[in-house]
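Colleague: Dropping the sequence and predicted coords here.
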Number of protein chains: 2
Amino acid sequence: MNSSAIIAENAGFCFGVKRAINLVEKSLNEFGGVYSLGPVIHNPQVVEDLRKKGVQTVDSINDIPNGSTVVIRSHGVTKSIYITAKEKGINIIDATCPFVKKPQINVEKLGESGYSVIVVGKPNHPEVIGIVSYAENVIVIDPSLENQSISDILKAGFKSEISPKSGVLKINKVGVVAQTTLKLEDFQSVVVELIPFCEELKVYNTICNATRNIQWSTRQLASKVDLMVIVGGKNSSNTNKLFDIAKSITKTAVFIEEESELDDEIINKHDTIGVSAGASTPEWIINSVYDKILKIKNKQTEETL
Amino acid sequence: MNSSAIIAENAGFCFGVKRAINLVEKSLNEFGGVYSLGPVIHNPQVVEDLRKKGVQTVDSINDIPNGSTVVIRSHGVTKSIYITAKEKGINIIDATCPFVKKPQINVEKLGESGYSVIVVGKPNHPEVIGIVSYAENVIVIDPSLENQSISDILKAGFKSEISPKSGVLKINKVGVVAQTTLKLEDFQSVVVELIPFCEELKVYNTICNATRNIQWSTRQLASKVDLMVIVGGKNSSNTNKLFDIAKSITKTAVFIEEESELDDEIINKHDTIGVSAGASTPEWIINSVYDKILKIKNKQTEETL
């Protein structure tokens, strides 16, 4: 049997996540306990590990005592959090990923220059909630929703831009940014539909390189193997996208959080297995999944002999 | 037999062409003879009519005597023409269509603000040659060419934007405009492909309403009839596009310059016939085509009785 397992290039922690974890660990050394607004990264194993070290996860800035230290995770937060933190004398360790800062700054500048702003992404994702807060005249378009009419969304979001005479929508100045973990094709599909309605459309392709690279290598690997194993938090947006990509290319793909979820039967049914992981999946989890696959495969080989 | 002929809404002279013809006639009244740089509109019948009235068509500003009057046609001209005319004391009647002025001004501003500029259209079309002259760092992308690589075109056109380290193309600031008579889908298809290569992409949808409206009504009419007759100059870009649209929808479409080219046999073979015409086709030509179709149809009915 000619079986093998391959880990995708660029799998696992991206630059922004590594940076955030480093900042958290530095802060723990300096301040002892720190607060985090929401889990530092979308990975339950890592969050549990950090909790033991002294990171207390809270949902709201109001749950953090005055004068303490809060880590802003890589997804970033709304503009108002910075203001409240300042008012409460809370010390901020800003681990917002620099690639997330970009759309935040773009949206702020667009708003200040009188643009109608569109964020393409998941409206409920913490990153998008943060980005949206940087201007007033902003709407979110979720490209994953099917059968939506861009014209209707724009008319509902930018009512004042509809000509009272003709009822036609023609927006003077529009700016559009992307959630950093968006699939490029999803961003393109929305931009294309915006063109007929905008006099001037400023497009900021804020999809980050790390996301692009891991999506690309997952696509490459998926086209060469029989089974793809995607590893990461079930609540991780970018990992879910890798699973979508894998599913659309290989015959079979599975999505697991850790090695214990691996099903021997599925592994045994496929000869070549690819492993890929989202930006919030630590190396040790990827490696443990990889080792488990090899172990199942070895057992299978022994039984066959 | 339930046969009919219908003329498409918005067929014929657009706002810019009407304005240009009016300006030419006003100038003839005021100055007697005037020069035109290239034919005033892309319609041989109209050009011949104007020639008789005193409009002399020349190819170059150098063929126009100092101190005389030149009409700049609706397509517009290069920036340098204005300078040369001023130097030669040539009086300019500027009939550049206001919808063509838009991309000219956009390209000029983009160039002044350090943007790399892309014009989507036919590189040899007079309008595009004019628009391109308004900035230095400009390339033209012709969406009708098949199997072209946008990445290669950008790399060839904007060499300095290729990272010397990685060889990757990432252009900081890009602005894109459209030839006013472009098909919307062609503009969209180019913009989509630009997105991955641009940090900031400013999209000016400069396709004019008249073009959009006649394309829309041609599409509507073509879906309801058996034969489409497209009327206009063979060298008219927007009329050629109407022919493309008609061909892609009806079973049969023909492209003629005047009623004498109508083929009785084709007319007789189809029950319902739609007529549409480009922005440079005068009403009297459209009407003469329409009348001829009715005449052929009547003859057919008489012969059948």
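Modeller: Arrived safely. Numbers count the residues shown, from 1 in each chain, chains lettered A, B, ... in the order given.
Colleague: What ranges does the stretch 51-200 of chain A have for its helices?
Modeller: Using DSSP state H, counting those that start in this stretch, the helices of the stretch 51-200 of chain A run over residues A:79-87, A:98-112, A:126-132, A:150-157, A:184-194.
Colleague: Now A:Ser280. Nearest residue, chain neighbours left out?
Modeller: Spatially, and ignoring its direct neighbours in sequence, A:Ser280 is nearest to A:Ile41 (4.1 Å; C-beta to C-beta, 6 or more residues apart in numbering or on different chains). Backbone N, C-alpha and C define where each C-beta goes, glycine included.
Colleague: So the one you found: helix, strand or coil?
Modeller: Recorded secondary structure, A:Ile41: coil (DSSP: H, G, I helix; E, B strand; the rest coil).
Colleague: Look up how far A:His125 lies from it.
Modeller: 14 Å (C-beta to C-beta, to the nearest Å).
Colleague: coming back round to it: winner for burial among the helices of the stretch 51-200 of chain A?
Modeller: helix A:126-132 (a mean of 24; mean count of other C-beta atoms under 10 Å in any protein chain shown).
Colleague: Touching it from outside, list them.
Modeller: The contact list for helix A:126-132, computed with C-beta atoms under 8 Å, 6 or more residues apart in numbering or on different chains, reads A:38, A:73, A:75-78, A:96, A:100, A:103-104, A:107, A:119, A:121-123, A:138, A:140, A:177, A:179-181, A:237.
Colleague: repeat that for 7 Å
Modeller: Helix A:126-132 has contacts (C-beta atoms under 7 Å, 6 or more residues apart in numbering or on different chains) with A:38, A:75-78, A:100, A:103-104, A:107, A:119, A:121-122, A:138, A:140, A:177, A:179-180.
Colleague: What of stretch A:66-81?
Modeller: Residues outside stretch A:66-81 that contact it (C-beta under 7 Å, 6+ apart) are A:16-17, A:20, A:23-24, A:27, A:31, A:34-38, A:40-41, A:61, A:64, A:85, A:88-97, A:100, A:104, A:126-127, A:129-130, A:133-134.
Colleague: hmm, who's touching the helix or strand where A:Glu48 lies?
Modeller: Counting by DSSP states H and E, the element that carries A:Glu48 is helix A:44-53. Contact with helix A:44-53 is made by A:24, A:28, A:39-40, A:57, A:233, A:257-258, A:282, A:285, as judged by C-beta under 7 Å, 6+ apart.
Colleague: how about a markdown table for those residues, with pLDDT added?
Modeller: As requested, these are exported to a markdown table (pLDDT from 0 to 100):
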| residue | pLDDT |
| --- | --- |
| A:Val24 | 95 |
| A:Leu28 | 93 |
| A:Pro39 | 90 |
| A:Val40 | 89 |
| A:Thr57 | 95 |
| A:Gly233 | 89 |
| A:Glu257 | 94 |
| A:Glu258 | 92 |
| A:Pro282 | 91 |
| A:Ile285 | 93 |
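Colleague: and A:Thr180, how far is that from A:Pro123?
Modeller: Taking C-beta to C-beta, one finds A:Thr180 at 15 Å from A:Pro123.
Colleague: Of the two, which one has the most company?
Modeller: The residue with more neighbours, out of A:Thr180 and A:Pro123, is A:Thr180; 30 against 14, by other C-beta atoms under 10 Å in any protein chain shown.
Colleague: Nearest spatial neighbour of the more buried one, chain-adjacent residues omitted?
Modeller: In space, A:Thr180 is closest to A:Cys208, 4.3 Å off (C-beta to C-beta, 6+ apart).
Colleague: from memory that neighbour sits against A:Phe99, does it?
Modeller: Yes - if you go by C-beta atoms under 7 Å, A:Cys208 and A:Phe99 touch, sitting 3.8 Å apart.
Colleague: Need the residues touching each of these two.
Modeller: Joint contacts of A:Cys208 and A:Phe99 (C-beta under 7 Å, 6+ apart) are A:Thr180.
Colleague: Closest approach to chain B from the stretch 1-150 of chain A, which residue is it?
Modeller: A:Asn106 (8.4 Å; C-beta to the nearest C-beta).
Colleague: Run a quick check on that residue versus A:Thr180, I expect a contact.
Modeller: No - if you go by C-beta under 7 Å, A:Asn106 and A:Thr180 don't touch, sitting 11.7 Å apart.
Colleague: Now do the shared contacts for the two.
Modeller: With C-beta under 7 Å, 6+ apart, A:Asn106 and A:Thr180 have common neighbours A:Thr206.
Colleague: now the strands for chain A?
Modeller: Using DSSP state E, the strands assigned to chain A run over residues A:4-7, A:34-37, A:55-58, A:69-72, A:91-94, A:116-120, A:138-141, A:171-178, A:198-204, A:227-231, A:252-256, A:272-277.
Colleague: Please produce JSON lines containing those strands, extended by distance to B:Thr304 and mean neighbour count.
Modeller: Putting the strands of chain A into JSON lines (distance: least, C-beta to C-beta, whole Å; neighbours: other C-beta atoms under 10 Å in any protein chain shown) gives the following:
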{"stretch": "strand A:4-7", "distance to B:Thr304": "74", "mean neighbour count": "17"}
{"stretch": "strand A:34-37", "distance to B:Thr304": "83", "mean neighbour count": "23"}
{"stretch": "strand A:55-58", "distance to B:Thr304": "86", "mean neighbour count": "16"}
{"stretch": "strand A:69-72", "distance to B:Thr304": "83", "mean neighbour count": "22"}
{"stretch": "strand A:91-94", "distance to B:Thr304": "84", "mean neighbour count": "16"}
{"stretch": "strand A:116-120", "distance to B:Thr304": "59", "mean neighbour count": "27"}
{"stretch": "strand A:138-141", "distance to B:Thr304": "57", "mean neighbour count": "19"}
{"stretch": "strand A:171-178", "distance to B:Thr304": "55", "mean neighbour count": "23"}
{"stretch": "strand A:198-204", "distance to B:Thr304": "54", "mean neighbour count": "22"}
{"stretch": "strand A:227-231", "distance to B:Thr304": "68", "mean neighbour count": "28"}
{"stretch": "strand A:252-256", "distance to B:Thr304": "66", "mean neighbour count": "19"}
{"stretch": "strand A:272-277", "distance to B:Thr304": "70", "mean neighbour count": "26"}
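Colleague: Among these, which comes closest to B:Ser223?
Modeller: Counting by C-beta to C-beta, B:Ser223 lies closest to strand A:198-204 out of the strands of chain A; the figure is 27.5 Å.
Colleague: Tell me where chain A is predicted with low confidence.
Modeller: A:1-3, A:166 (pLDDT under 70).
Colleague: How about the residues of it by chain B?
Modeller: Neighbours of chain B within chain A, by C-beta under 7 Å from any C-beta of the partner chain: A:184, A:187-188, A:191-192, A:195-196, A:198, A:200-205.
Colleague: what two of the residues you listed are the furthest from one another?
Modeller: A:Leu184 and A:Glu200 (22.6 Å).
Colleague: what sits against A:Thr84?
Modeller: A:Ile61.
Colleague: Looks like A:Gly111 contacts A:Asn137 (just checking).
Modeller: Yes - shown here, A:Gly111 and A:Asn137 form a contact pair, counting by C-beta under 7 Å, at 6.5 Å.
Colleague: shared neighbours of those two, anything?
Modeller: Shared contacts of A:Gly111 and A:Asn137, counting by C-beta under 7 Å, 6+ apart, come down to A:Val117.
Colleague: what's the longest helix in chain A?
Modeller: For chain A, the helix that runs over the most residues, judged by DSSP state H, is helix A:283-304.
Colleague: Residues touching that one, excluding its own?
Modeller: By C-beta under 7 Å, 6+ apart, the surrounding residues in contact with helix A:283-304 are A:1, A:3, A:5, A:7, A:11-13, A:45, A:229, A:231, A:258-259, A:262, A:264, A:267-268, A:273, A:275, A:277.
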